[in-house]
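1. The following comprises the amino acid sequence and a computationally predicted model.
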Amino acid sequence: MILDNQWYVTKQVMNERFFKDIPSSKAKEQISHFPKMYYRYEKGMIHIQVEITLGKYQEPLLNLEKKLESGLYCELVSKELHDSYVEYVLFYDMIANRISIDEVIAQNGSLKLMKSMGWEYDKLPHMLIAGGTGGGKTYFILTLIEALLKTDAKLYILDPKNADLADLSTVMPDVYYKKEDMMASIDQFYEDMMARSEEMKQMEGYKTGENYAYLGLAPHFLVFDEYVAFMEMLASKESTAVLTKLKQIVMLGRQAGFFLILACQRPDAKYLGDGIRDQFNFRVALGRMSELGYGMVFGSDVQKQFFLKQIKGRGYVDKGDNVITEFYTPLVPKDHDFLKEIEKLAQ
Ligand SMILES: Nc1ncnc2c1ncn2[C@@H]1O[C@H](COP(=O)(O)OP(=O)(O)OP(=O)(O)O)[C@@H](O)[C@H]1O
């Protein structure tokens, strides 16, 4: 890469002749500075360290991510500036990091979703899931529900299209698909959050800055599928009321342990504007999406090339650190029966 781009410095030296007392007329190019670059492979990650020299080629060497990602067919995980070097960390063979549904475990405020990655909902609350038809959105949401039901979490499910998630109403409580029920459920979720925030202050052991888990309380999750479609169904007064509540939940929910998992085909700015989208720390885009769609999920100013691969449950994620990486939802075996499993857990 350095040779191909000629990111080195050369100087002209005179070619010495065999008889040194006869002056030479031939000049030769010699490399006088070659940037130091070190790499190592560790636990599925490639670490590349590049020296900062303040030299002529500092700019390209400080912005290697695009070249490395497309050239090595890897995904950037982090880029960190150190004292005299910049370190790029890339995932090699991301699909090898895919886990199966029975490895999805929630503990200590974090939900494992790939071998080396998870959703730390206690620290980086609220999840936004976008994806076109057939991308794996429903399977992913069902996987999240199943994993969270294995903990003490309390779940509320909203499915305005009365589709796959609404089927859960036969096996677990708090599943809503009618407009009025859904609106009442959002109100209740909000009221519960406000009440807990107050109560926590009166509890023994309460400490400023500590969260619900510190006080031994259970997290609550509102899983809201087809959010944009639902908002489109509402009159403007109703949608303003819902938006106001959701805004409060994403802003205040972390400490009290009230989390939103919002899914839609495309997160239209009309219903996720005013900085609400930025409060969703964990954002996933699954399946086929347009550039505009990716922009709506990750921000229109992102510098990332998105590729489509025909793999179910594949997409991109920003897990709260502003680095977008390839993502694979946990693999669900063909014979897995969500309804049956969720029924067992809900009992
Ligand atoms: N994680 C996964 N493991 C195994 N198969 C998957 C996974 N995700 C999706 N699939 C396969 O892809 C199909 C479509 O997935 P899913 O129903 O989740 O898509 P969707 O985005 O919700 O689409 P729609 O909006 O049409 O329901 C599933 O029926 C399943 O066969």
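-> Yep, it's here.

2. didn't residue 230 look like it was pressed against residue 160?
-> Yes. Residue 230 lies in contact with residue 160 (C-beta atoms under 8 Å); the separation is 4.0 Å. Any C-beta I mention is one placed from the backbone N, CA and C, and that applies to glycine too.

3. Can you check which residues contact both of these two?
-> Common neighbours of residue 230 and residue 160, using C-beta atoms under 8 Å, 6 or more residues apart in numbering, are 179, 182.

4. Can you classify residue 248 as helix, strand or coil?
-> Following DSSP: H, G, I helix; E, B strand; the rest coil, the label given to residue 248 is helix.

5. Might one say that it is in contact with residue 190?
-> Yes. Counting by C-beta under 8 Å, residue 248 touches residue 190, with 6.2 Å between them.

6. okay, these two: which has more neighbours?
-> The residue with more neighbours, out of residue 248 and residue 190, is residue 190; 20 against 14, by other C-beta atoms under 10 Å.

7. Return the residues in contact with the more buried one.
-> 245, 248, 249.

8. of those residues, closest to the ligand?
-> Compare each of the contacts of residue 190 with the ligand using C-beta to the nearest ligand atom and the shortest gap goes to residue 249, at 23.8 Å.

9. before we move on, which element is residue 342 in?
-> Using DSSP states H and E, residue 342 maps to helix 338-346.

10. need the residues of the stretch 51-200 of the chain near the ligand, please.
-> 131, 133, 134, 135, 136, 137, 138, 139 (C-beta under 6 Å from any ligand atom).

11. circling back: please convert the contacts of residue 190 to JSON lines, extending it with pLDDT and distance to residue 106.
-> Formatted as JSON lines, the contacts of residue 190 follow (pLDDT from 0 to 100; distance: C-beta to C-beta, whole Å):
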{"residue": "245", "pLDDT": "95", "distance to residue 106": "25"}
{"residue": "248", "pLDDT": "95", "distance to residue 106": "25"}
{"residue": "249", "pLDDT": "96", "distance to residue 106": "20"}
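
12. Now these in a markdown table, please, with extra columns for distance to the ligand.
-> Below are the contacts of residue 190 laid out as a markdown table (distance: C-beta to the nearest ligand atom, whole Å):
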| residue | distance to the ligand |
| --- | --- |
| 245 | 25 |
| 248 | 28 |
| 249 | 24 |
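
13. need the next SSE after the helix ranked longest in the chain, C-terminal direction.
-> For the chain, the helix that runs over the most residues, judged by DSSP state H, is helix 179-202. As assigned by DSSP H and E, the chain's next helix or strand after helix 179-202 is strand 220-224.

14. Give me the buried stretch members for the longest helix of the chain, please.
-> Using 16 or more other C-beta atoms under 10 Å as the test for burial, helix 179-202 gives 182, 183, 185, 186, 189, 190, 193, 196, 197, 200.

15. so how far is it from its chain's centroid?
-> With C-alpha atoms, centre = their mean, to the nearest Å as the basis, helix 179-202 stands 27 Å off its chain's centre.

16. Strand 220-224 and that helix, what's the angle between them?
-> For helix 179-202 against strand 220-224, the angle by axes from the mean of the first three to the mean of the last three C-alpha atoms, to 10 degrees is 160 degrees.

17. Tell me the residues of the stretch 201-347 of the chain that contact the ligand?
-> So the stretch 201-347 of the chain meets the ligand at 287, 312, 313, 329, 330, 331, 332 (C-beta under 6 Å from any ligand atom).
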